[in-house]
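Asker: Give me the fold of what follows.
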Amino acid sequence: MSKQLLRCGTSIGANIKEALRGQTRPDFGTKMNISLKEASESEYWIELLQATEYLTPEQGDNLLKDCRELIKLLTSIVKTTFAKVE
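Answerer: Numbering: from 1, shown residues only. Predicted structure coming up:
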C-alpha cells in the first residue's frame, strides 16, 4: 500500500510540472486533471493506511488534510481551465 501511495503521490508533482510546460490550454488542463486523479487516489491510500494502523491517527490526519487541500486546489484549476471563455 505504501508503494502505491508513493507511486501516485509522486505522479501528482510530475504531472503538474508537465502541465506547466503544456503547449495549449487543453494540454495544461488534461495534465492538471491527471494530477487531480492521482491526488484522489493518494487520498484513498492514505485512508487505507490509516485504517490498517500503518499510519498513526495523527500522521493520517495530517496527510489527509494536506491531500484534501491539494484536491481542492487542483479541482479549482481544472474547472477554471475548462470553463468556456467568452
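
Asker: hmm, which helix or strand of the chain has the shakiest average pLDDT?
Answerer: helix 2-20 (a mean of 94; mean pLDDT, DSSP states H and E).

Asker: Give the rounded mean pLDDT of stretch 57-74.
Answerer: For stretch 57-74, mean pLDDT is 97.

Asker: Only alpha carbons, please: show that stretch as CSV.
Answerer: C-alpha atoms of stretch 57-74 as CSV (Å, rounded to 0.1, in the frame of the first residue of the first chain):
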residue,chain,number,x,y,z
PRO,A,57,-4.1,8.8,13.5
GLU,A,58,-2.1,12.0,13.7
GLN,A,59,0.0,11.1,10.7
GLY,A,60,-3.0,10.1,8.7
ASP,A,61,-5.0,13.2,9.6
ASN,A,62,-2.1,15.5,8.7
LEU,A,63,-1.6,13.7,5.4
LEU,A,64,-5.3,13.7,4.6
LYS,A,65,-5.6,17.4,5.4
ASP,A,66,-2.8,18.3,3.0
CYS,A,67,-4.1,15.9,0.3
ARG,A,68,-7.6,17.2,0.5
GLU,A,69,-6.3,20.8,0.3
LEU,A,70,-4.4,19.8,-2.8
ILE,A,71,-7.5,18.2,-4.3
LYS,A,72,-9.4,21.4,-3.7
LEU,A,73,-6.8,23.5,-5.5
LEU,A,74,-6.5,21.1,-8.4
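
Asker: switch to numbering from 57
Answerer: Renumbered: residue one is now 57, and that last one reads stretch 113-130.

Asker: Could you check how far the residue positioned nearest the centre of the chain is from Thr80?
Answerer: By C-alpha atoms, centre = their mean, the chain has its centre lying nearest to Ala95, at 2.1 Å. Separation of Ala95 from Thr80 (C-beta to C-beta, to the nearest Å) stands at 23 Å. For glycine as for every other residue, the C-beta is placed from the backbone atoms N, C-alpha and C.

Asker: quick one on the thing from earlier: packing partners of the least confident helix or strand of the chain?
Answerer: Counting contacts by 3 or more C-beta pairs under 8 Å, 6 or more residues apart in numbering; DSSP states H and E, helix 58-76 is packed against helix 81-107.

Asker: Understood, closing this out.
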